[in-house]
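Participant: how would this look folded up:
(chains A and B)
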2 protein chains.
Amino acid sequence: MTRLNSYHLPPENWPGPDGAATLDGPEAKHLLGVLRARAGETVRLFDGFGRHGLFEISAITGKARAELRRVSEMLEPAPACGVTLALGWNKASRRDWLLEKGVELGALGLVFWQAARSQGDMPKEPKESWRDKGVQAAKQCQSAWLPELAVVQGGVDGLIRVATEHDGCYVLYEGTGPEDLLEPGELAAGRVLVVLGPEGGLEEREVARLREAGFKTRSLGPRPLRWETAALSCLALAHHALLKT
Amino acid sequence: MTRLNSYHLPPENWPGPDGAATLDGPEAKHLLGVLRARAGETVRLFDGFGRHGLFEISAITGKARAELRRVSEMLEPAPACGVTLALGWNKASRRDWLLEKGVELGALGLVFWQAARSQGDMPKEPKESWRDKGVQAAKQCQSAWLPELAVVQGGVDGLIRVATEHDGCYVLYEGTGPEDLLEPGELAAGRVLVVLGPEGGLEEREVARLREAGFKTRSLGPRPLRWETAALSCLALAHHALLKT
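Facilitator: Got it, this is the predicted structure:
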């Protein structure tokens, strides 16, 4: 089965009732310059917030600008269940890769926070390049939703503020006993926040503070996993658990 | 807790009853050149087949050569359960990365096979660099076992020969219905073989042939996952299921 190429049209550019849209920037450049699309062809557009549809190219009005006409539109409702990962900030070379996997495996959000053992300083807000990475991944896997990207200031206190928006809050901690093995079903019970430390792990006082605030400590087993392996395992377990609900 | 640095000593060099071992090559170079270890210090050696132990450096006899004396030794029995992934060959830039994750998540084996839609030609035997990648990962996660690495010739027929050594055989196929969602428990029931296609997927006739030979088709859900995401999800589910048994 051939799949139509997907392009990201941000929500602020999504067409109103007249159905006329303009695609420009890198997405249009790819459509016109790489795929050499012509007027009359059909493409799939998505906004990353559940809206997607088929559009016909009505006119090419620049090297990186196309006018499109909506043929059909669908709205995928916001997922009621899923995981937001709160990842301890790192000089991680594999952050991009994790953003991609977060989209593929249907993470609700990827949130970075500054832990006591974080290396390097977190940016003040999510970088544009992170969103681009997510968009590329969503095009590949045809997801209509993009995970929410955020940086949470204030260390553990920041996480506790974010917790109020969630139905369940967990912290993966290597000091946790085998009886507290993460249960995939827990990850599919509503909107769930899962906190991971940075490379080098969490400090005990960070874990204690989260516990006081109602976070439950969980383990991914006795073997030390790399930062991105722990994150990815969590996403894979959640993805699978959600398919069963 | 500080962990001792681990070095790989292949089984053929593992010491006999006298306990005297020689470490040379890149491992010794790292020990002596990078960590600047001196006589009298203790390191951990492992052979990748379950044997590991503490060794004291008795003499440094070259830039990349150290004589060691065994202090203690442990044998971790071969895992009775786990997954061997048979991965359709690909020009995949993420193969190295998957080798690393295979070690971390305790894969029994990583096997490559030439599928109808494979791109590029598989080497005749596993590359030395793959083993090196595995060794590096095992040092990091302190695993005493390295996954078996192999290339299986003969396409689907080769896989069917490999199947005889396994307790359960599955093929991940996107044409599989939602009722055949992969069950993590299946991955922990003995020695299990899981076949994945290459990027581009399996051909129907390949799946039909595997089915005839007793392989069960399984799904990872309706969303198209990248090659390495599917592989990694399978490893993460197996790792988790094995912790529960």
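
Participant: isn't A:C169 right up against A:R191?
Facilitator: No: A:C169 is beyond contact range of A:R191, at 10.1 Å (criterion: Cβ atoms under 8 Å). All C-beta atoms are positioned from the backbone trio N, CA, C, and that covers glycine.

Participant: more neighbours: which of the two?
Facilitator: A:C169 (22 against 17; other Cβ atoms under 10 Å in any protein chain shown).

Participant: which residues of chain A score low on pLDDT?
Facilitator: A:1-3 (pLDDT under 70).

Participant: for it, what spans make up the helices?
Facilitator: Along chain A, counting by DSSP state H, helices occupy A:25-29, A:95-104, A:128-141, A:155-163, A:184-187, A:204-212, A:227-244.

Participant: nearest to A:D18, out of the ones you listed?
Facilitator: Set against A:D18 and scored by Cβ to Cβ, these come closest in helix A:25-29, at 19.6 Å.

Participant: can you tell me what sits against the closest one?
Facilitator: Residues outside helix A:25-29 that contact it (Cβ atoms under 8 Å, 6 or more residues apart in numbering or on different chains): A:7-9, A:62-66, A:132.

Participant: repeat the analysis, applying 10 Å as the threshold.
Facilitator: The contact list for helix A:25-29 (Cβ atoms under 10 Å, 6 or more residues apart in numbering or on different chains) reads A:6-10, A:13, A:22-23, A:33, A:37, A:43, A:45, A:60-66, A:68, A:132, A:135, A:139.

Participant: show me the residue at the heart of chain A, geometrically.
Facilitator: The centroid of chain A falls nearest to A:P147 when counting by Cα atoms, centre = their mean (2.7 Å).

Participant: for B:E212, see how far away A:R209 is.
Facilitator: As for A:R209, its distance to B:E212 is 58 Å (criterion: Cβ to Cβ, to the nearest Å).

Participant: higher neighbour count, the two?
Facilitator: A:R209 (17 against 10).

Participant: how many neighbours does the residue lying closest to the more buried one once chain neighbours are set aside have?
Facilitator: Among residues not flanking A:R209 along the chain, A:V156 sits closest, at 4.8 Å (Cβ to Cβ, 6 or more residues apart in numbering or on different chains). Close neighbours of A:V156, defined as other Cβ under 10 Å, add up to 24.

Participant: what's near enough to touch A:V156?
Facilitator: Taking Cβ under 10 Å, 6+ apart, one finds A:113-116, A:171, A:195, A:202-203, A:205-210, A:212-213, A:215 in contact with A:V156.

Participant: what's the overlap in contacts for A:C169 and A:R191?
Facilitator: Common neighbours of A:C169 and A:R191 (Cβ under 10 Å, 6+ apart) are A:T84.

Participant: quick check: buried residues in stretch A:159-174?
Facilitator: Using 16 or more other Cβ atoms under 10 Å in any protein chain shown as the burial criterion, the residues of stretch A:159-174 that qualify are A:159-160, A:162-163, A:166, A:168-174.

Participant: same check, this time on stretch A:60-78
Facilitator: A:60, A:64-70.

Participant: for stretch A:14-24, same thing?
Facilitator: A:14-15, A:21, A:23-24.

Participant: can you list those residues in a markdown table and add distance to B:F55?
Facilitator: Shown next, in a markdown table, are these (distance: Cβ to Cβ, whole Å):
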| residue | distance to B:F55 |
| --- | --- |
| A:W14 | 64 |
| A:P15 | 69 |
| A:A21 | 67 |
| A:L23 | 63 |
| A:D24 | 63 |
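
Participant: from these, list the ones also adjacent to chain B.
Facilitator: When Cβ under 10 Å from any Cβ of the partner chain is applied, no member of these is adjacent to chain B.

Participant: just those residues: which are in strands?
Facilitator: A:21, A:23-24 (DSSP state E).

Participant: tell me the one among those residues nearest to B:E128.
Facilitator: A:L23 (47.9 Å).

Participant: surely that closest one touches A:A66?
Facilitator: Yes: counting by Cβ atoms under 10 Å, A:L23 touches A:A66, with 5.0 Å between them.

Participant: common neighbours of those two, please.
Facilitator: If you check A:L23 and A:A66 against Cβ under 10 Å, 6+ apart, the residues they both contact are A:7, A:31-32, A:43, A:55, A:57.

Participant: quick one: which of those residues has the most company?
Facilitator: Neighbour max across the shared contacts of A:L23 and A:A66 (other Cβ under 10 Å) = A:F55, 27 neighbours.

Participant: what sits against that one?
Facilitator: With Cβ under 10 Å, 6+ apart, A:F55 has these contacts: A:4, A:7, A:9, A:15, A:19-21, A:23, A:41-45, A:66-73.

Participant: cool, A:G158 as well?
Facilitator: Contacts of A:G158 by Cβ under 10 Å, 6+ apart are A:86, A:111, A:113-114, A:150-152.

Participant: may I see the domains of chain A written out as residue ranges?
Facilitator: A:6-75, A:82-244 (automatic domain parsing).

Participant: among those, which is the most enclosed?
Facilitator: Ranked by mean neighbour count under mean count of other Cβ atoms under 10 Å in any protein chain shown, the domains of chain A are led by domain A:82-244, which reaches a mean of 19.

Participant: ends of it, how far apart?
Facilitator: Domain A:82-244 has an end-to-end distance of 12 Å (Cα to Cα, to the nearest Å).

Participant: same question for stretch A:25-39.
Facilitator: End-to-end distance (Cα to Cα), stretch A:25-39: 18 Å.

Participant: any idea how far A:G221 lies from B:E104?
Facilitator: 11 Å.

Participant: what's the overlap in contacts for the two?
Facilitator: A:230, A:233, B:239.

Participant: wait, A:A213 sits on A:E206?
Facilitator: No: A:A213 lies out of contact with A:E206 (Cβ under 10 Å); the separation is 11.0 Å.

Participant: quick one: contacts for the residue lying closest to the residue nearest to the centre of chain A once chain neighbours are set aside?
Facilitator: In space, and not counting its chain neighbours, A:P147 is closest to A:A107: 4.5 Å by Cβ to Cβ, 6+ apart. Contacts for A:A107 (Cβ under 10 Å, 6+ apart) come out as A:79, A:82-85, A:98-99, A:101, A:134, A:145-148, A:194, A:231, A:234-235, A:238-239.

Participant: can you report phi and psi for A:A107?
Facilitator: The phi/psi pair for A:A107 (degrees, to the nearest 10) reads phi -60, psi 140.

Participant: tell me who's in contact with the residue nearest to the centre of chain A.
Facilitator: A:P147 neighbours (Cβ under 10 Å, 6+ apart): A:48, A:82-85, A:99, A:102-103, A:105-111, A:130-131, A:134, A:137-138, A:235.

Participant: how close does it get to B:G48?
Facilitator: On the measure of Cβ to Cβ, A:P147 and B:G48 end up 38 Å apart.
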